[in-house]
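Participant: Next input, structure requested:
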Amino acid sequence: MIGHVHATRPSPPSRPMGMVLLVILCLSPSGCMSRHAVTYQEMSQAAPQRLPHSIAVLPFHNATERPDLAPLVRQGFYAHLSYKRFRDVELSVIDQVLAEHGLGADTEWTAERIRRLGDWLNCEAVVIGRINRFERLFAAVYSQFNIGAQITIHATRTGQPIWSDRHVARLHEGDVPLTPLGLPLASIRTGMNLHDREVIAVVDLLTRHLAGRIPDHGLPGPAPGTYRLELQIGAYRDHQFALAERDRLKAEGFPASVRSETTPDAIWHRVVIGPYLDEDEAMAARTALEGLLSVRPLIRRQPL
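Facilitator: Just a heads-up that it's a prediction; the model follows:
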């Protein structure tokens, strides 16, 4: 006796699986994503005046729900700004002066207060910053951070703004598993992206971009042939993180190294490329790194 074979419809996916697939379709049209960083600019505006020679970076106002973000962003911005030719006031000195006068990150910085602060700190400009975005998305196989901030530089002689910029940095990670069994592993790996070290990486992308876009003050630099060139990729307080970035860049063929510098506020571990004696070679490396990292490395001229 021959039995009858009944055709059956495949059972529809469960609701959780359907939601995961929907998230994947929305976030990854290509069907597969790998870890990479993307930065994009929202606004920049330059005033016609030349920038000053000395700058103080004030505490950043934090408009997000993450309380530790303000000191991270401020310190990262200060570390990258120090690679430019400004005379920067130490953060500890700034904080001491602010405390003596009852001022802080939530102060309303009027022109009169900025002029007084210039006298107290003996500087020609102050940086006023605001962190206005901290977004975290975690959807089973995908994680993403967005951190955004804006800065305004005010001349202390007049109290008026002379430069402003705004930027958002993004870091995301995810994989689309080919089978349901791949979901737990992908979830574990992308969940690791929500670790504080990933926040530090996004903060570095953000502050490197903001500091790197500030133009120099216009004074002539050293003559060619009297300096060597270095490209700063990152400035971190986590030494192991800096070493991992160095190793990643060395694997890509760049002469990367880590230089640790002690300041009154912290120990900074700078990831640098170089040195280069030829400016064209340094600029070519900078262009290649822009394509690899999606951000522009800071350039520093060191005396020979």
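
Participant: which helices and strands does the helix ranked longest in the chain pack with?
Facilitator: Looking across the chain with DSSP state H, the single longest helix is helix 196-213. The contact analysis (3 or more Cβ pairs under 8 Å, 6 or more residues apart in numbering; DSSP states H and E) places helix 196-213 against strand 36-46, helix 69-81, strand 142-155, strand 161-174, strand 227-236, helix 239-251, strand 298-303. (Glycine included, C-beta is placed from N, CA and C.)

Participant: which stretches of the stretch 1-150 of the chain have low pLDDT?
Facilitator: 1-50, 139-142 (pLDDT under 70).

Participant: repeat that for 50
Facilitator: Counting by pLDDT under 50, the stretch 1-150 of the chain has low-confidence residues at 1-44, 46-48.

Participant: Please enumerate the strands of it.
Facilitator: When secondary structure is read from DSSP state E, counting those that start in this stretch, the stretch 1-150 of the chain shows strands at 36-46, 54-57, 61-62, 87-88, 125-138, 142-155.

Participant: on that earlier part again, include distance to Pro215 and mean neighbour count when you put the helices and strands packed on helix 196-213 into a markdown table, please.
Facilitator: Output for these, formatted as a markdown table (distance: least, Cβ to Cβ, whole Å; neighbours: other Cβ atoms under 10 Å):
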| stretch | distance to Pro215 | mean neighbour count |
| --- | --- | --- |
| strand 36-46 | 7 | 13 |
| helix 69-81 | 12 | 23 |
| strand 142-155 | 11 | 22 |
| strand 161-174 | 8 | 20 |
| strand 227-236 | 17 | 23 |
| helix 239-251 | 27 | 16 |
| strand 298-303 | 13 | 16 |
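
Participant: Dump the ones you listed to JSON lines, plus distance to Gly102.
Facilitator: Shown next, in JSON lines, are those (distance: least, Cβ to Cβ, whole Å):
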{"stretch": "strand 36-46", "distance to Gly102": "31"}
{"stretch": "helix 69-81", "distance to Gly102": "18"}
{"stretch": "strand 142-155", "distance to Gly102": "20"}
{"stretch": "strand 161-174", "distance to Gly102": "24"}
{"stretch": "strand 227-236", "distance to Gly102": "31"}
{"stretch": "helix 239-251", "distance to Gly102": "36"}
{"stretch": "strand 298-303", "distance to Gly102": "35"}
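
Participant: Looking at these, which is nearest to Thr207?
Facilitator: Taking Cβ to Cβ, helix 69-81 is the member of these nearest to Thr207, at 3.7 Å.

Participant: Packing partners of the closest one?
Facilitator: So helix 69-81, by 3+ Cβ pairs under 8 Å, 6+ apart, packs with strand 54-57, strand 61-62, helix 91-100, strand 125-138, strand 142-155, helix 196-213, strand 227-236.

Participant: hmm, try it at 7 Å
Facilitator: strand 54-57, strand 125-138, helix 196-213, strand 227-236 (3 or more Cβ pairs under 7 Å, 6 or more residues apart in numbering; DSSP states H and E).
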